[in-house]
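Peer 1: have a look at this fold, sequence not included:
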C-alpha cells in the first residue's frame, strides 16, 4: 500500500471519528447500540451504491457483464458483509436493488423508488450531438467550463473535447485542472479505491454506524470517483459519478415518504409536475462585519481565522439541521461560503419554521445579533430536474433563485419574531449592573435639594458604556 493510499485512509478514518465526536458533543447524543436500518435509510444506501458497477465495468472492460451485475457482485462481496448495522435480509434486499435498478417494470416499491431517483438525478445529462456514441473505457470527464457561453458564443466542438480531467485520485496539485491529451486509466484508479476501502480497520465506526459509513463512502467517492463520468455512451461525460450517486441517494430517501399515487404518476413520467422533495437553504448574515472588524495588527492571520470560523459555523449548523430533520449525510448537497443546502422529505415542511426560530435564538444569545443564520425551504417538482441545454435558465436554477429571495426577505426582518415574543432577550437589560455614579446621583436627586449652580454631578463619561454587540442587536431590530 502506497504512501498516498495510507494518507487517504488515515484522513478518512480520522474524519469519521471526528464526526462522531462532534455529533455527541454538539447534540448531547449518547452512543446507542447498533440497530437495523429503517426502510428509508436502506433505499438511500442502495442509491449511494447503485451505479458503482460503472466504475468496476470500466476497470475490467472486455468482460461481457452489465454494470448493474458488476456493482451488485462487488457490493455484496466487499461492502455489505462489513456493515454490522445491516441485517442479513437487508443485505440481500440492497444487493437485489442494485442488480435490478434498470428493470423495465418492477413491482416492488423500493425498486420503483430507486428507479425514479436515478432518473431524476440523471436529468442534467445532455444527449450527444450526432449519432456517435461514447466509449466508456476511454472517455474521461469533461470540464464544466467548456459549456460556458458569452451571449450566443460557444466553444467549438473541437475545443470542447480537448479539455479533460486525468484519472487520478483527488489531490491539491495541477491534476485538479483539465488538461489536453488525457488518457484514461480506470484499472489503476479502481485498484486504489479498493485498497483504501480494504485498509479501513474493521473496528472503525464506519462499519457500525449508518451516518458514519455514508460520510466515509462519500469521502471515498470524492477522492477516487471525482473524475469518473457518470454516463458516457449516449450523453456528454460532464457529470462525475460521485455527484450522481450522492444525489440519487438523497432523492431516494425523500421519495420513500411519498404515497402510492404520486409514485405511480412519477413512474410513468419522472419529470412530471409532482412535488418530490424540499430544498432547504441556510444563509449566514453579518459576514462582512464579522470578518473585517479587526485591528490592523495581525490582520491577515485574524482574517484567515475568522473565515475558518465562519466555515465551521456553517457546517455545524448544517449538521444540526440534518440531525434535527433526521436525514442522511448525503442529503447535504452543499456547505460553504456562508451557505448550505440540503434535500429533505416533503412532510418535514412544518419543521422548518420552528427550527429557524431555535437557531436564531441560540445565535442571538451567543453573538448578540452580530451573526445569524436564516433558514427556509421550497418544494421541488419532478420537472425541475429536467435540464434543457438550449434554455437560458433551467427550472432548477429558478428554484435556487426563488429560495435565495426568500432567505433575503428573512434577513430584512431578522429578529422581529423574537423581539415580539421575548422582548427582553433583544432589548435587555444586559450585564450585571453595578454602582454607576450617574445612576446614584439620579437617585440622590429625589431625596436631596437641587444642586448648586456650579453643579456637583459626576461626568457622564464615568458610566460603563453598553456593549457594541448589544447596541447592534437593538439597532438591527429597530431597522427591521
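Peer 2: In hand now; what should we look at? This is a predicted model, so every value here is computed, not measured.
Peer 1: which helices and strands does the lengthiest helix in the chain pack with?
Peer 2: Longest helix in the chain by number of residues (criterion: DSSP state H): helix 299-325. Under the contact definition 3 or more CB pairs under 8 Å, 6 or more residues apart in numbering; DSSP states H and E, helix 299-325 sits against helix 3-27, strand 275-285, helix 287-292, strand 332-336, strand 339-344, helix 352-367, strand 372-381. C-beta: built from backbone N, CA, C; applies to glycine.
Peer 1: mean pLDDT lowest where, among these?
Peer 2: Set side by side, these give their lowest mean pLDDT on helix 3-27, at a mean of 42.
Peer 1: what are the ranges of the helices in the stretch 351-480 of the chain?
Peer 2: Assigned by DSSP state H, counting those that start in this stretch, the stretch 351-480 of the chain shows helices spanning 352-367, 395-412, 416-421, 423-427, 437-447, 468-479.
Peer 1: in this protein, which residue is closest to the centre?
Peer 2: residue 332 (2.5 Å; CA atoms, centre = their mean).
Peer 1: leaving out chain neighbours, which residue sits closest to that one?
Peer 2: residue 342 (4.6 Å; CB to CB, 6 or more residues apart in numbering).
Peer 1: who's the one you found bridged to?
Peer 2: On the basis of DSSP bridges, residue 342 is bridged to residue 280, residue 332.
Peer 1: that one and residue 321 touch, don't they?
Peer 2: Yes. With contact defined as CB atoms under 8 Å, residue 342 and residue 321 form a contacting pair (6.9 Å).
Peer 1: which neighbours do the two have in common?
Peer 2: residue 280 (CB atoms under 8 Å, 6 or more residues apart in numbering).
Peer 1: in contact with residue 338, which residues?
Peer 2: So, once contact is read as CB under 8 Å, 6+ apart, residue 338 ends up touching 283, 284, 287, 310, 314.
Peer 1: switch the cut-off to 6 Å
Peer 2: By CB atoms under 6 Å, 6 or more residues apart in numbering, the contact list for residue 338 reads 284, 287.
Peer 1: dihedrals phi and psi, it?
Peer 2: phi 80, psi 10 (degrees, to the nearest 10).
Peer 1: how far away is it from residue 286?
Peer 2: 10 Å (CB to CB, to the nearest Å).
Peer 1: just to revisit the earlier point, okay, buried residues for the longest helix of the chain please.
Peer 2: Within helix 299-325, the residues scored as buried using 16 or more other CB atoms under 10 Å are 302, 306, 310, 313-314, 317-322, 324-325.
Peer 1: which of those sit farthest apart?
Peer 2: 302 and 325 (34.7 Å; CB to CB).
Peer 1: so, low pLDDT: which residues of this structure?
Peer 2: 1-35, 124-132, 389-391, 431-480 (pLDDT under 70).
Peer 1: care to break it down by domain?
Peer 2: Following automatic domain parsing, one finds the domains of the chain at 3-268, 275-414, 425-479.
Peer 1: mind putting the buried residues of helix 299-325 into CSV with distance to residue 424?
Peer 2: Output for the buried residues of helix 299-325, formatted as CSV (distance: CB to CB, whole Å):
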residue, distance to residue 424
302, 33
306, 30
310, 29
313, 26
314, 29
317, 25
318, 30
319, 31
320, 25
321, 27
322, 32
324, 26
325, 30
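Peer 1: out of these, which comes closest to residue 360?
Peer 2: The closest of the buried residues of helix 299-325, once distances to residue 360 are taken by CB to CB, is residue 317, at 10.9 Å.
Peer 1: and that closest one, what is it in contact with?
Peer 2: Per CB under 6 Å, 6+ apart, neighbours of residue 317: residue 373.
Peer 1: and the residue nearest to the centre of the chain, how far is that from residue 174?
Peer 2: Counting by CB to CB, the gap from residue 332 to residue 174 is 29 Å.
Peer 1: for burial, what's the neighbour tally of the closest residue to residue 375 other than its chain neighbours?
Peer 2: Nearest residue to residue 375, sequence neighbours excluded (CB to CB, 6+ apart): residue 356, at 4.0 Å. Around residue 356 there are 20 other residues, counting by other CB atoms under 10 Å.
Peer 1: same check on the one 4 residues further on?
Peer 2: Other residues lying near residue 360 total 20 when counted by other CB under 10 Å.
Peer 1: roughly how far is stretch 209-229 from the heart of the chain?
Peer 2: Centroid separation for stretch 209-229 versus its chain: 13 Å, with CA atoms, centre = their mean, to the nearest Å.
Peer 1: number the residues from 14 up from this point.
Peer 2: In the new numbering, first residue 14, that becomes stretch 222-242.
Peer 1: report the buried residues of it.
Peer 2: 222-234, 236-242.
Peer 1: next SSE after the helix or strand where residue 132 lies?
Peer 2: Using DSSP states H and E, residue 132 maps to helix 122-134. Next helix or strand after helix 122-134 toward the C-terminus (DSSP H and E): helix 170-175.
Peer 1: which strands and helices sit next to that following helix?
Peer 2: Contacts defined by 3 or more CB pairs under 6 Å, 6 or more residues apart in numbering; DSSP states H and E place helix 170-175 against no helix or strand at all.
Peer 1: just how off-centre is the next helix or strand after that helix within its chain?
Peer 2: Using DSSP H and E, the next helix or strand after helix 170-175 towards the C-terminus is helix 199-212. Its chain's C-alpha centre and that of helix 199-212 lie 25 Å apart, by CA atoms, centre = their mean.
Peer 1: cool, stretch 343-363 as well?
Peer 2: 6 Å.
Peer 1: again, but for stretch 116-131
Peer 2: Centre to centre, stretch against its chain (CA atoms, centre = their mean), the figure for stretch 116-131 is 25 Å.
Peer 1: list of residues touching it?
Peer 2: 56, 59-60, 110, 113-114, 261, 264-265, 268-269, 279-280, 283.
Peer 1: and which of those is nearest to residue 155?
Peer 2: Using CB to CB, these come closest to residue 155 at residue 261, 20.5 Å.
Peer 1: quick check: what element follows the host helix or strand of that closest one along the chain?
Peer 2: Element membership for residue 261, per DSSP H and E: helix 254-268. Where DSSP H and E defines the elements, the next helix or strand beyond helix 254-268 is helix 273-281.
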